[in-house]
Structure formats: C-alpha cells, structure tokens
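In: Quick one, structure for this:
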Amino acid sequence: MRTDEHPAGPAEPGPGPEVDGAVGERGDAWFEDLFREHATAVHRYLLRRGAADDAEDLAADVLTVAWRRRTEVPEGAELPWLYRTAGFVLANHRRKGRPVPVAEVPDEPDPADPAVLAVRDDQVRTALGRLGARDRQVLLLTAWEGLGGDDLAVVLGISRGGADAALSRARARLREAWTA
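Out: Predicted coordinates:
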C-alpha cells in the first residue's frame, strides 16, 4: 500500500473526524504519519511471528483497522496499539486455516538483528519451545520489539503491574527451561 492510498477508500471532503479535543483531527495527514512511522515495525512484527508469505497483506490489514478505528488509537501509544492489533489479525489469520510457517525466517534477514540470531540458535528455540504461548509472547515483545512497562501493558491488554509481573514470571520460566 502506498502512503497516499487509504484502506477506507478515497478521503471524504472536508476535515477528518474529531476525536475529543485533546487528540484533534485524525484524517489523511495523521494516517500518512502513522504509516510512515510504523508500517515497517508492524511488518517486522509479523515476519518474526512466522507470517513470511502473508506479512505484507497482514500488515495492510492492521493498518486498515487503524484507519477504520482511528478514533480509538491512543495518542503517543500508536505502536503498542498496532502491535496488539497485529496480534489479533495474526490470530484470526491462523484460525482461518491458512498455513503460517512457524520456522521460516525472512528471505533477507538483517544479520546483525539479535532476533534473527536467536531464531537460528537451537538452544534458544528449544528453551522458548518449552514455554507457554503467553510467556513466549511477553518475552518476544520485550526482546524483539523492545517493549516494556506501559507499552507492554497496552499490547497485552493488562495493567502496568500485570505486565511487569507477566514479564518477571516469563523470565523465571525461561531460566528454568534454559537449565532443563
């Protein structure tokens, strides 16, 4: 999708929708900024979760949701909101029965990307495989996406304290899996 295309179709004439006075307009310029700043991060998020063949389409779906629900995207926390949405889009994609290869790595990975190095390390993959899906999600959001604190809480849909506790438990379980 080009930055001048909008998933909702042609822009309506006049100003975009108002979101309470604190947020302001959420029209074309807002979406173009959102796309420019976060489309690559959303695409990488999906690639890292094994959606290599469908990552572009799924990223477009995430951005479509952002456009349609632009009044709900929290100002200053756009990327965590997009990651949370990407998680839902990917889960729905997988439920539809489309095969999503879990072991695939992008065709041209960045060799310096720690996430790629970790995926290639059999010991890391084995330890992560011993964890539950929630623990893996928490650890990967922290390690791969660089999220913590409030942003991690937004993606997980829980409080900041809950996110901190989930990360602490996931790290403890990873330590146990690593030594097993």
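In: L46 versus G157, what's the distance?
Out: To L46, G157 is 19 Å away according to CB to CB, to the nearest Å. The C-beta positions use only the backbone N, C-alpha and C, and glycine is treated the same way.
In: typo on my end, it should be D151
Out: Distance, D151 to L46, using CB to CB: 18 Å.
In: Among these two, which residue is more densely surrounded?
Out: More neighbours surround L46 than the other of D151 and L46, with 25 against 21 (other CB atoms under 10 Å).
In: is it true that the more buried one lies in a strand?
Out: No. Read with DSSP: H, G, I helix; E, B strand; the rest coil, L46 is helix and lies in no strand.
In: That one: what's it in contact with?
Out: For L46, the contact set (CB atoms under 8 Å, 6 or more residues apart in numbering) comprises 54-55, 58-59, 62, 86, 90.
In: This protein: helices as residue ranges?
Out: 20-23, 28-48, 55-68, 78-95, 114-120, 122-129, 133-143, 149-156, 160-179 (DSSP state H).
In: With mean pLDDT as extra columns, can I get the ones you listed in CSV?
Out: Formatted as CSV, the helices of the chain follow (pLDDT from 0 to 100):
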stretch, mean pLDDT
helix 20-23, 40
helix 28-48, 91
helix 55-68, 91
helix 78-95, 88
helix 114-120, 55
helix 122-129, 78
helix 133-143, 87
helix 149-156, 87
helix 160-179, 89
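In: quick one: P74 and W81 touch, right?
Out: Yes. P74 is within contact range of W81, at 5.9 Å (criterion: CB atoms under 8 Å).
In: what do those two both touch?
Out: Joint contacts of P74 and W81 (CB under 8 Å, 6+ apart) are V154.
In: Give me the more crowded residue out of these two.
Out: A count of neighbours by other CB under 10 Å puts W81 above the other of P74 and W81, at 22 against 10.
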